[in-house]
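Undergrad: Structure for the following, please:
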Amino acid sequence: MEPQEDEAGWLSDEQRRTVRAMAGYGAPRSSIAAYLRIDVPRLNALLGAELDQAEADANTKVARALFQMATRQNNVAAAIFWMKARAGWREKVEIKAVVDDISRMSDDELHAEIRRLDREMKTVQAVVVDDAPRVEQHRS
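TA: Residues are numbered from 1 along each chain as shown. From the prediction side, this is the model:
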């Protein structure tokens, strides 16, 4: 049966279960569309609401399990993750600025400091989390 824009009755029960499971397990819609041999816009037109519901159901189950791990099973990692993801907690980063009086440095000392700072800048990568800049150090 050829798919119609206003219905997804052309799916077998098995295909419908598979599609819901794929959405629930986080499969991208492009993969679901490929499984059904249709394009993503058509998938969204036919099954968008159903896929949204499957994704929400799965997220709810995982959130419930995480919450239970954090509150009933005393899982510290789950509790910390919850507080960071849901309550806005962040790691405290303390930055201490040390400023040398460069007017007292020799030319050789200034050049050495510039080289040191250049090396240090190559190991620092700026990232943005929740629209707030954060700096992470990556050492090779």
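
Undergrad: which residues in this protein form helices?
TA: For the chain, the helices defined by DSSP state H cover 13-24, 29-36, 40-71, 76-86, 107-121.

Undergrad: Just the buried positions in the first one, please.
TA: What it means is helix 13-24. By 16 or more other Cβ atoms under 10 Å, the buried positions in helix 13-24 come out as 18-20, 22-24. Bear in mind the C-beta positions are built from the backbone N, C-alpha and C, glycine included.

Undergrad: Now do stretch 77-85: distance to the chain's middle.
TA: Stretch 77-85 has its C-alpha centroid displaced from the chain centroid by 14 Å (Cα atoms, centre = their mean, to the nearest Å).

Undergrad: ok, residues contacting it?
TA: 66-67, 69-71, 89-90 (Cβ atoms under 8 Å, 6 or more residues apart in numbering).

Undergrad: Pick the one among these closest to residue 36.
TA: residue 66 (31.1 Å; Cβ to Cβ).

Undergrad: any idea what sits nearest that closest one, other than its immediate chain neighbours?
TA: Of all residues not flanking residue 66 in the chain, residue 78 sits nearest, at 5.4 Å (Cβ to Cβ, 6 or more residues apart in numbering).
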